[in-house]
Every structure is written in structure tokens, then in C-alpha cells.
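Asks: Provide a 3D model corresponding to the input given below.
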Amino acid sequence: STLVCEEKLQRLALQVENERSNSTQTQQHLSETHAHMRAREKEYDEDRARSRLISSRLQNSLDTAVRAATLLLDEMKEATHTHITPLFASLTHQEAEQNTSKFARAESARQ
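Replies: Residues are numbered from 1 along each chain as shown. Down below sits the predicted model:
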């Protein structure tokens, strides 16, 4: 009976040791997994920060391009109003005068 109890105790001690070993391995695995997750979270945060920076730079570039295009359009409108419109008006006036004098010459030549 004592021998049976000792064998049972040895088996239980072996089971306890196995469970302790498994527990230690599981704890080590959990620690490694946690460290891996923290590293991934850090990478994710860095990627998100980079994305925000790129997005901000793109928005700034777009804003700058829109402002430049608006300024260029305003300059083109001003140039049209200041130079081109009067030029066309002048040419149209000159053409009208030339046509009138051509018509007058043609009339006097006909008479």
C-alpha cells in the first residue's frame, strides 16, 4: 500500500512538473506574442503617422496648385481686359473704317 502511494505520488509529481513546464512554455509564448503585438502596434502607429504626413503634404500641394491656378486665371482675365479686348475693339473699328472707305471708293468709281 505504501508502495502504491509512493508510485501515485511520483506520478502526480511528474504530472505537476509537466504542467509546470507546459505553463512556463505557455507563459514564454504569451510573452513573445505580446512583444510581437507591441512591435506591430508600433509599426502601425508609425505607418499611420507617415500616412497623415503624406496626406497633409498632398493637401498643401493641392492648395498651392489651386492658388497658383487662380492667380494665373486672374492675371489672364486682367490681361484680356487690359490688352486684348481694346486691341480687338481697335481692329474692329479700323476694319469698319476700311470697309466704309472701300465702299465709298467703289460708289464713286461706279458713278
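Asks: wait, what's in contact with E107?
Replies: Contacts for E107 (CB atoms under 8 Å, 6 or more residues apart in numbering) come out as none. Any C-beta I mention is one placed from the backbone N, CA and C, and that applies to glycine too.
Asks: and it, what element?
Replies: helix 85-110 (DSSP states H and E).
Asks: Now do the buried residues in that helix.
Replies: Residues of helix 85-110 include none that count as buried (16 or more other CB atoms under 10 Å).
Asks: Distance from the chain centre to the helix or strand of the chain with the lowest mean pLDDT, please.
Replies: When the helices and strands of the chain are scored by mean pLDDT, DSSP states H and E, helix 85-110 comes last with a mean of 78. Between the mean C-alpha location of helix 85-110 and the chain-wide mean there is a distance of 59 Å, by CA atoms, centre = their mean, to the nearest Å.
Asks: Report the mean confidence score over the lengthiest helix in the chain.
Replies: Under DSSP state H, the helix in the chain containing the largest number of residues is helix 2-79. Mean pLDDT, computed over helix 2-79, is 96.
Asks: Okay, angle between that helix and helix 85-110 too, please.
Replies: Counting by axes from the mean of the first three to the mean of the last three CA atoms, to 10 degrees, helix 2-79 lies at 40 degrees to helix 85-110.
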